[in-house]
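[1] Return atomic coordinates for the entry below.
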Amino acid sequence: ASCAWQAFQSREIRAPPPRGVLRSAISDNITFMDHLACFTPADLASPTPPDFEAFRWKLLAQGDSWFSNSRAKLNAHANLLQELVFKSNTVAVSCAGTGNALSHMVDLESSPEFVQLLTGPGAPLWDGVLLSVGGNDLIAAARTPAHNWNGEPIPLELRLLRRQTEWGPPSAGVARYFSEPGWTTYADYLRANVKHLLSLRDQGPSAGKPVFMHCYAVPMPRPAGAETSDELGSSGPWLYPALKAYGVPAADWAAVSRLMVFHLAQLLKSMAADKEAFPGLFVFDSTTVPLALAAPGSTGISGDWHNEIHLNHSGCFKIARAWSEHIEMVLEGKHLIPVPTGRKGRGGSFGNEFFHRKPRQHHAQSRRRHPVQRPGEHPQGVAGPPRSRGGRRRRVVSASLHSRARGRPPIAHQPAVGSNLPPDFASPP
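    The predicted model follows:
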């Protein structure tokens, strides 16, 4: 079967940027970005398999509904892989499939195509592995009821929400609804499965290659389900009925959702920081990408969300654009560049896997030589990137997110967002 994404095979375009594309103040060079070319395992077995020699980076992908290449997701452009863009030609073989079958981390082992392409005889040498996993497990844990089918209470360590009789004091904020023993169980489960995945990688020719994960985004609990049943065995909504069943006040729903997703992000980042236990794991904190929240109580597409827990095209585009930069910097080895400690050097610096850009410091003499630009004022009346406090223009890298099938106009590429999380998960937003 031919891949539904072959139409999105990237092609490099060298053409003058249309009006609205920002140019660098230092030079007129523009960096053009190409969409990820994605194929399926069936494409590799076809009589005319794709030629990988035309691509610099070759990736293997597996994941849940955020990676699904079902026709509904592709038609809505609500697929995270579909929106990844790179400066160098990049190809991925996605094992996510069309049926949203990957409901839990343990299902990775039962995905024969993924395991075969990663560790089997004749497996290709991949430059990296893209994963979208862990989110369904989090939702499933949150949906675990307080009692089983025959009315017996389910232990607190096997669920993420507390019954009203188990709530903590109001001074604990929304954390009083949250089961820390249940979270410990979930965290141990996720760590064990990620370690197993890394061990699978190291059994094949791609041993030691980077594995990339994202941290999802914070959904708004609301009565907005999917058109069909998903990999969790439900058409949704997912969090909304669980929070109602546990009696959590509606005013706290958004904060409880944020607490759970932030816990997941913190867990994944702590795993990536432990290079001895999780070698080659790189986590992008997608929760820090600014998204438009869905309106509380809405039942359909709202903000950057297609339904309660899945992004629409604009949401996928925002996260994918930032994650792409993270991935490509790791592939190019730029994450290994040491962070300068002094004030020498002109560019920003990157540290660890999260690439914090430090603000540039200017001394008084520099400020006198380069007067501060007034708000809204452009030199010679020409629109350009904003100036920093010292008067120098900030470097802006422009991008042309070209897709042969969609024919989108080029747009400006922005650097990845940082990854700081609020230190206190217990406080409501």
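[2] rest of the way, CA atoms for contacts and neighbours
    OK.
[3] in the protein, which ranges drop under the pLDDT threshold?
    1-32, 69-77, 97-110, 228-234, 339-429 (pLDDT under 70).
[4] ok, which stretches of it are strands?
    With DSSP state E as the criterion, the chain has strands at 33-35, 37-39, 57-63, 85-86, 90-94, 128-132, 211-214, 281-284, 398-399, 401-402, 411-412.
[5] To residue 258, which of the ones you listed lies closest?
    strand 211-214 (15.6 Å; CA to CA).
[6] That closest one - contacts with which helices or strands?
    strand 128-132, strand 281-284 (3 or more CA pairs under 8 Å, 6 or more residues apart in numbering; DSSP states H and E).
[7] what are the ranges of the helices in the protein?
    All helices of the chain, identified by DSSP state H, fall at 41-44, 71-75, 112-119, 135-142, 180-201, 239-245, 253-273, 313-331, 364-369.
[8] Reformat those as JSON lines; add distance to residue 128.
    As requested, the helices of the chain are exported to JSON lines (distance: least, CA to CA, whole Å):
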{"stretch": "helix 41-44", "distance to residue 128": "16"}
{"stretch": "helix 71-75", "distance to residue 128": "23"}
{"stretch": "helix 112-119", "distance to residue 128": "10"}
{"stretch": "helix 135-142", "distance to residue 128": "21"}
{"stretch": "helix 180-201", "distance to residue 128": "10"}
{"stretch": "helix 239-245", "distance to residue 128": "33"}
{"stretch": "helix 253-273", "distance to residue 128": "15"}
{"stretch": "helix 313-331", "distance to residue 128": "8"}
{"stretch": "helix 364-369", "distance to residue 128": "43"}
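[9] Now render those as JSON lines, adding mean neighbour count.
    Listed next are the helices of the chain as JSON lines, based on neighbours: other CA atoms under 10 Å:
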{"stretch": "helix 41-44", "mean neighbour count": "17"}
{"stretch": "helix 71-75", "mean neighbour count": "15"}
{"stretch": "helix 112-119", "mean neighbour count": "18"}
{"stretch": "helix 135-142", "mean neighbour count": "20"}
{"stretch": "helix 180-201", "mean neighbour count": "17"}
{"stretch": "helix 239-245", "mean neighbour count": "18"}
{"stretch": "helix 253-273", "mean neighbour count": "21"}
{"stretch": "helix 313-331", "mean neighbour count": "21"}
{"stretch": "helix 364-369", "mean neighbour count": "11"}
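[10] Would you mind telling me which of those helices is nearest residue 297?
    Residue 297 lies closest, by CA to CA, to one member of the helices of the chain: helix 239-245, at 9.6 Å.
[11] Using CSV, please lay out the strands of the chain together with distance to residue 299.
    Shown next, in CSV, are these (distance: least, CA to CA, whole Å):
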stretch, distance to residue 299
strand 33-35, 31
strand 37-39, 32
strand 57-63, 26
strand 85-86, 31
strand 90-94, 31
strand 128-132, 25
strand 211-214, 26
strand 281-284, 30
strand 398-399, 35
strand 401-402, 31
strand 411-412, 31
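[12] would you list the ones you listed in JSON lines and tack on mean neighbour count and distance to residue 310?
    Putting the strands of the chain into JSON lines (neighbours: other CA atoms under 10 Å; distance: least, CA to CA, whole Å) gives the following:
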{"stretch": "strand 33-35", "mean neighbour count": "26", "distance to residue 310": "21"}
{"stretch": "strand 37-39", "mean neighbour count": "24", "distance to residue 310": "21"}
{"stretch": "strand 57-63", "mean neighbour count": "22", "distance to residue 310": "14"}
{"stretch": "strand 85-86", "mean neighbour count": "26", "distance to residue 310": "20"}
{"stretch": "strand 90-94", "mean neighbour count": "24", "distance to residue 310": "19"}
{"stretch": "strand 128-132", "mean neighbour count": "22", "distance to residue 310": "13"}
{"stretch": "strand 211-214", "mean neighbour count": "23", "distance to residue 310": "14"}
{"stretch": "strand 281-284", "mean neighbour count": "26", "distance to residue 310": "18"}
{"stretch": "strand 398-399", "mean neighbour count": "22", "distance to residue 310": "26"}
{"stretch": "strand 401-402", "mean neighbour count": "24", "distance to residue 310": "23"}
{"stretch": "strand 411-412", "mean neighbour count": "19", "distance to residue 310": "24"}
